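Engineer: got a structure for you, letters missing:
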């Protein structure tokens, strides 16, 4: 995913902390942190992370991160299924009132998916990422659960 859609992620293949198995295991040991995925019987073809935001002042918010569907599996509703499950899961975490995410302007289909679920843009970060000499704005979105 970091190679297929580099504009959509803050990490790159050489510095991705989520590639550290020990770090991921520690993160997933928390009750309010999950990575959801879909496999095709052999390979992982879609993934989405969701976690309660850390710190007392932000504990009422969950964050969706690293949403990706392999290109060959797009258009089958996998992203929508994962997003639906993430929202459902966040609703079970006590005190969560909002689900937040950010989406690159380079991923209009993803933004459209989030808007279908009721996410609204609350801000834009100009030129948030730079890949191959091109800069991409990031749109910050939120969904109120209550």
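Structural biologist: Looks like it came in fine. Note that the coordinates shown come from a computational prediction; the quantities given were computed from them, not determined experimentally.
Engineer: pick out the residue closest to the middle of the protein.
Structural biologist: residue 65 (2.3 Å; Cα atoms, centre = their mean).
Engineer: quick check, that residue in a helix?
Structural biologist: No - Residue 65 sits outside any helix when classified using DSSP: H, G, I helix; E, B strand; the rest coil, being strand.
Engineer: what's the helix or strand for the closest residue to it other than its chain neighbours?
Structural biologist: In space, and not counting its chain neighbours, residue 65 is closest to residue 49: 4.4 Å by Cβ to Cβ, 6 or more residues apart in numbering. Every C-beta, even on glycine, is put in place using the N, C-alpha and C of the backbone. Assigned by DSSP states H and E, residue 49 belongs to strand 44-52.
Engineer: swap in residue 103?
Structural biologist: In this structure, residue 103 sits in strand 98-104 according to DSSP H and E.
Engineer: the residue nearest to residue 65 pairs with what?
Structural biologist: Beta-bridge partners for residue 49, by DSSP bridges, are residue 35, residue 65.
Engineer: let me see the contact set for it.
Structural biologist: 33-36, 64-67 (Cβ atoms under 8 Å, 6 or more residues apart in numbering).
Engineer: give the buried residues for the strand holding residue 49.
Structural biologist: Neighbour counts using 16 or more other Cβ atoms under 10 Å place 45-52 of strand 44-52 among the buried residues.
Engineer: still on that earlier bit, relative to residue 135, how far out is the residue nearest to the centre of the chain?
Structural biologist: 21 Å (Cβ to Cβ, to the nearest Å).
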